[in-house]
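[1] Okay, predicted coordinates and the sequence, questions at the end:
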Amino acid sequence: HTNTTSRYCCVYTNLHIYCTQLLFNISMAEGEGSKVQLYIYDLSKGLAAQLSPLFLGKQIDGIWHTGVVVYGSEYFYGGMGIEFSPPGCLFIGPPDKIEDIGDTFIPKDVFLEYLCDLQPQFGPEKYNLLEHNCNSFSNEVAQFLTGNPIPSYITNLPAEVMETPFGAQLKPFLDMMAGPGGGTPMNSDKYALNDSSGTSLEGHL
């Protein structure tokens, strides 16, 4: 029974990949791309750049939170799981940087289905500031949409900090911290997704 279930799961996964690639190829042929951007926020508001040489012994330009902007919304991961909001409207203020990741030819409804499938992997209880955070989510989503990762200076930052003596001392405290919110969480019911205006995303699918 276990082997049969595993085979079905494998067939479903391969079929999903094939269908997604097929839609991608069709959309590319039609030239219907959507811009994908990375909104980058410095949670330290400049303090990391000023104080990191003193405390860490090396230059850290920011403590980065990121969100992926596509189809008119910003998608990110925090203490409430996968969230979304109008671009740049988080409580931490406007982004400090905006970087173009590329164009996507994946239809919006396929992308929203993908986010639904990601919810167990990026649930609130799975959040870890150092190892499974907003940047982990942004990197995965960016590669799904465009094939391109987010900049390595963002994804490599936790490891760089933990390599310092002061960073290692902070680890127990950092492990308890939740990520920034400010958007609308996507709950576990596959299509019961609401945007910040209270409008159900069912109509978008």
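    Great, that's in hand.

[2] Strands along this structure, start to end?
    Assigned by DSSP state E, the chain shows strands spanning 34-42, 64-70, 73-78, 81-85, 97-104, 184-185.

[3] How many residues are close by the residue lying closest to residue 41 once chain neighbours are set aside?
    Distance criterion Cβ to Cβ, 6 or more residues apart in numbering; nearest residue to residue 41, sequence neighbours excluded, is residue 65 at 4.4 Å. Any C-beta I mention is one placed from the backbone N, CA and C, and that applies to glycine too. Other residues near residue 65 number 24, with proximity taken as other Cβ atoms under 10 Å.

[4] The residue lying closest to residue 39 once chain neighbours are set aside and residue 125: what is the separation?
    Excluding the flanking residues, the one nearest residue 39 by Cβ to Cβ, 6+ apart is residue 95, at 4.0 Å. Going from residue 95 to residue 125 by Cβ to Cβ, to the nearest Å gives 27 Å.

[5] Residue 133 is in contact with residue 122, isn't it?
    No. The criterion here is Cβ atoms under 8 Å, and residue 133 misses it with residue 122 at 9.8 Å.

[6] Can you check which residues contact both of these two?
    residue 77 (Cβ atoms under 8 Å, 6 or more residues apart in numbering).

[7] shaky segments in this protein?
    1-32, 162-163, 165-205 (pLDDT under 70).

[8] now the helices for the protein?
    For the chain, applying DSSP state H gives helices covering 2-30, 47-55, 108-118, 134-146, 152-155, 157-162, 165-175.

[9] and the third one, what other elements does it pack with?
    With contacts defined as 3 or more Cβ pairs under 8 Å, 6 or more residues apart in numbering; DSSP states H and E, the packing partners of helix 108-118 are helix 134-146.

[10] in the helix it packs on, what counts as buried?
    134-142, 144-146 (16 or more other Cβ atoms under 10 Å).

[11] Generate CSV for those residues, with distance to residue 49 as supplementary columns.
    Shown next, in CSV, are the buried residues of helix 134-146 (distance: Cβ to Cβ, whole Å):
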residue, distance to residue 49
134, 20
135, 18
136, 23
137, 24
138, 21
139, 23
140, 27
141, 27
142, 25
144, 31
145, 30
146, 29
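
[12] and which of these is nearest residue 72?
    Checking the buried residues of helix 134-146 against residue 72 by Cβ to Cβ gives residue 145 as the nearest, at 14.0 Å.

[13] quick one: the closest one and residue 121, what's the gap?
    16 Å.

[14] again, but for residue 48
    From residue 48 to residue 121 the distance is 28 Å (Cβ to Cβ).

[15] I figured residue 106 was touching residue 143, is that so?
    No. If you go by Cβ under 8 Å, residue 106 and residue 143 don't touch, sitting 11.6 Å apart.

[16] Residue 149: how many residues sit nearby?
    14.
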